[in-house]
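Colleague: Take this sequence and fold it.
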Amino acid sequence: MDSDGRTAESAWTPLSHPVFRALWIASLVSNVGTWMQNVSAAWAMTSLSPSPLMVALVQSATSLPVFVVGLPAGAVADIVDRRRLLLVTQCWMLLAAGLLAVLAFLGLMTATTLLALTFALGIGVAMNTPTWQAITSELVPASELTRAVTLNALPVNIGRAIGPALGGILVAAGGPALVFALNAVSFVAVLVVVYRWRREAPRALLPAERVIGATRAGIRYARYSPPLVAVLVRLGLFIVCASAFWALLPVIARRDLGLGAFGYGLLLGCIGVGAVAGAALLPTVKRRLPLDAVTGLATVAFAIVSVLAVHSGARHRDDPRRRRVDRDDGRPQWLRSDCRARVGARSSARRLSPSVPGRAWPRQRIVGLRR
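Modeller: Numbering: from 1, shown residues only. Alright, predicted model coming up:
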C-alpha cells in the first residue's frame with residue numbers, strides 16, 4: 001500500500017468504467033439465475049422420473065454442449081463481431097428458458113422436453129462464455145486487464161454460492177416454473193446491457209479466418225503445447241470421475257437424505273461457498289506448497305469427502321428411524337454435517353491448473369478446450 005492508500009482500492013478500479021460495470025452486474029444477475037435454473041431442472045427431473053439415469057442426464061445435458069461446441073465457439077469469438085454474437089446467444093438462452101417456464105406453468109413438461117431444453121441452454125452457455133471473456137480486453141485499459149479478469153470470476157463464484165440456495169427456496173415456494181421464468185428474466189437484463197453497448201470494432205491486422213480452419217489451428221496449438229496438454233489431461237480425468245457425484249446429488253438428496261428442494265439447494269450452495277473459500281485460501285496455500293502438491297491434496301480431499309457423503313446417505317437410507325421433510329413446503333428439518341463439509345473441489349480444480357504461456361490469438365480456443 002502506498003502513502004495514499006490506493007492499493008486497497010485498486011482491485012475494484014475496473015468497475016469505474018461504466019460499460020464494464022454494467023456488464024459485470026448483468027453477469028452477476030445471469031449467473032445467479034443460471035444456478036437457480038440448475039437446481040430447478042435437476043429437482044424437476046426427480047419428480048418427472050425416479051430413474052437415477054434420467055436425473056444424471058440433466059447434468060450431461062448441461063455439460064455436453066461445452067464438449068461439443070466449446071472449441072468452435074472460441075474460434076467464432078475470434079472471428080465474428082462479439083457484440084452481435086452475445087446478442088444472438090442471449091436471445092437463444094432467453095428463448096430456451098422461456099419455453100421451459102411456459103411448459104412448466106402449463107403442466108406440459110416431460111423428461112424428454114426438460115433434457116432437450118436444458119441441452120439448448122447449454123449450447124447457448126458454451127457459445128456465450130468464450131465471447132464474454134474475450135470482450136474484457138475491450139472494456140478496460142491494458143493496465144487494468146488483470147484486475148478486470150479477476151473481477152470477472154466473482155459473479156461466477158457469487159452465483160454458485162447463493163444461486164442454488166435461492167433456487168431451492170423458490171422451488172419449494174412456487175415450483176420449478178417460477179425459477180425458469182426468473183432465469184429468463186435474467187437474460188433480458190443482460191440483453192439490455194449488451195444492446196446499449198456501442199462497441200468500436202478493432203481494425204483487423206490479418207485476413208479473416210474461417211471457423212473450421214481456426215478450430216484446427218486451436219487444436220494444433222494445444223497439441224504441441226506440453227503444459228496445456230498436461231492441464232487438459234489432468235482436468236479431464238478429474239472431471240470425468242468427479243462429475244458423477246454432482247450429477248447424482250439430486251437423487252442422493254431426495255431418496256437417501258430425505259431432503260426437499262430447499263435442502264438440495266443448500267447442498268449445492270455449500271459447494272459454492274466451498275468454492276469461494278477455496279479461491280480465497282488458494283494464494284496463501286500456493287505460497288507454502290508446490291502447485292502439484294496442492295492439486296494432489298485437493299483431489300484426495302475431494303475423494304474422501306465424496307466417499308463420506310455417499311456412506312452417510314446409505315446409512316440414513318437404511319435407518320428405519322430416519323426423519324423426513326415436510327413435502328408441502330419442501331423445507332428440510334435437518335442437514336447432515338458431513339454433506340455441509342463438501343468443499344467445492346471441482347470448481348477449485350480449474351484454479352489449480354498452472355497458467356500456460358502462449359500467443360494471444362488462440363486464447364478463446366484454449367478457453368473452449370478447457371471448458
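
Colleague: Just give me the neighbour total for the residue nearest to Val156 when sequence neighbours are not counted.
Modeller: The shortest distance from Val156 to any non-neighbouring residue, by CB to CB, 6 or more residues apart in numbering, is to Asn31 (5.5 Å). The C-beta positions use only the backbone N, C-alpha and C, and glycine is treated the same way. When counting by other CB atoms under 10 Å, one arrives at 20 neighbours for Asn31.

Colleague: in stretch 19-28, what's buried?
Modeller: For stretch 19-28, burial by neighbour count (16 or more other CB atoms under 10 Å) applies to 19-24, 26-28.

Colleague: Select, from those residues, the two members most distant in space.
Modeller: Spanning the widest gap among the buried residues of stretch 19-28 are Val19 and Leu28, at 15.1 Å by CB to CB.

Colleague: which residues of the stretch 101-250 of the chain fall in helices?
Modeller: 111-134, 136-139, 145-174, 176-196, 211-223, 226-251 (DSSP state H, counting those that start in this stretch).

Colleague: Out of those, name the one with the poorest average pLDDT.
Modeller: Among the helices of the stretch 101-250 of the chain, helix 211-223 carries the lowest mean pLDDT, a mean of 75.

Colleague: and that helix, how far from the chain's centre?
Modeller: From the chain centre to the centre of helix 211-223 is a distance of 25 Å (CA atoms, centre = their mean, to the nearest Å).

Colleague: For that helix, enumerate the helices and strands it packs against.
Modeller: In terms of contacts (3 or more CB pairs under 8 Å, 6 or more residues apart in numbering; DSSP states H and E), helix 211-223 is packed against helix 52-79, helix 226-251, helix 363-370.

Colleague: Apply 6 Å and report the result again.
Modeller: Applying 3 or more CB pairs under 6 Å, 6 or more residues apart in numbering; DSSP states H and E, we find helix 211-223 packed against helix 52-79.

Colleague: Now the helix it packs on: buried residues?
Modeller: 54-66, 69-79.

Colleague: tell me which strands and helices the helix or strand hosting Ser40 is in contact with?
Modeller: Per DSSP states H and E: Ser40 is located in helix 18-48. Where contact means 3+ CB pairs under 6 Å, 6+ apart, helix 18-48 is packed against helix 52-79, helix 145-174, helix 176-196, helix 226-251, helix 261-288.

Colleague: what's the last one packed up against?
Modeller: Other helices and strands packing on helix 261-288, by 3+ CB pairs under 6 Å, 6+ apart, are helix 18-48, helix 145-174, helix 345-352.

Colleague: now it against helix 145-174, angle please.
Modeller: In terms of direction (axes from the mean of the first three to the mean of the last three CA atoms, to 10 degrees), helix 261-288 departs from helix 145-174 by 160 degrees.

Colleague: buried stuff in helix 261-288?
Modeller: Residues of helix 261-288 classed as buried: 261-276, 278-279, 282 (neighbour count, 16+ other CB under 10 Å).

Colleague: what does the third one give?
Modeller: Of all the residues in helix 176-196, those buried under the rule 16+ other CB under 10 Å are 176-184, 186-191, 193-194.

Colleague: Now do that helix against helix 18-48, angle only.
Modeller: Using the same axes, to 10 degrees, helix 176-196 lies at 160 degrees relative to helix 18-48.

Colleague: Please compute how far helix 176-196 lies from its chain's middle.
Modeller: 16 Å.

Colleague: before we move on, what about the fourth one?
Modeller: How far helix 226-251 lies from its chain's middle: 14 Å, per CA atoms, centre = their mean.

Colleague: packing partners for that helix?
Modeller: So helix 226-251, by 3+ CB pairs under 6 Å, 6+ apart, packs with helix 18-48, helix 52-79.

Colleague: nearest spatial neighbour of Gly269, skipping sequence neighbours?
Modeller: Ala165 (3.6 Å).

Colleague: and the one you found, what does it touch?
Modeller: 265-266, 269 (CB atoms under 6 Å, 6 or more residues apart in numbering).

Colleague: From the buried residues of stretch 19-28, pick the one nearest Gly122.
Modeller: The closest of the buried residues of stretch 19-28, once distances to Gly122 are taken by CB to CB, is Ser27, at 17.7 Å.

Colleague: Would you check how far apart the nearest residue to the closest one once chain neighbours are set aside and Phe20 are?
Modeller: The shortest distance from Ser27 to any non-neighbouring residue, by CB to CB, 6+ apart, is to Pro155 (4.4 Å). Distance of Pro155 to Phe20, given as CB to CB, to the nearest Å: 12 Å.

Colleague: Let's have the contacts of Ala165 in CSV, adding pLDDT.
Modeller: Below are the contacts of Ala165 laid out as CSV (pLDDT from 0 to 100):
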residue, pLDDT
Gly265, 81
Leu266, 83
Gly269, 80
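
Colleague: from the residues you listed, which single one is nearest Ala41?
Modeller: For those, the nearest to Ala41 is Gly265 (12.3 Å; CB to CB).

Colleague: With adjacent residues omitted, what lies nearest to that closest one?
Modeller: Leaving aside its chain neighbours, Gly265 sits nearest to Gly168 (1.8 Å; criterion: CB to CB, 6+ apart).

Colleague: ok, how many other residues are close to that neighbour?
Modeller: Counted with other CB under 10 Å, Gly168 comes out at 30.

Colleague: and what of Ala153?
Modeller: 12.

Colleague: What of Gly174?
Modeller: Gly174, neighbours per other CB under 10 Å, totals 12.

Colleague: which residues touch Ala277?
Modeller: Counted by CB under 6 Å, 6+ apart, Ala277 has zero contacts.
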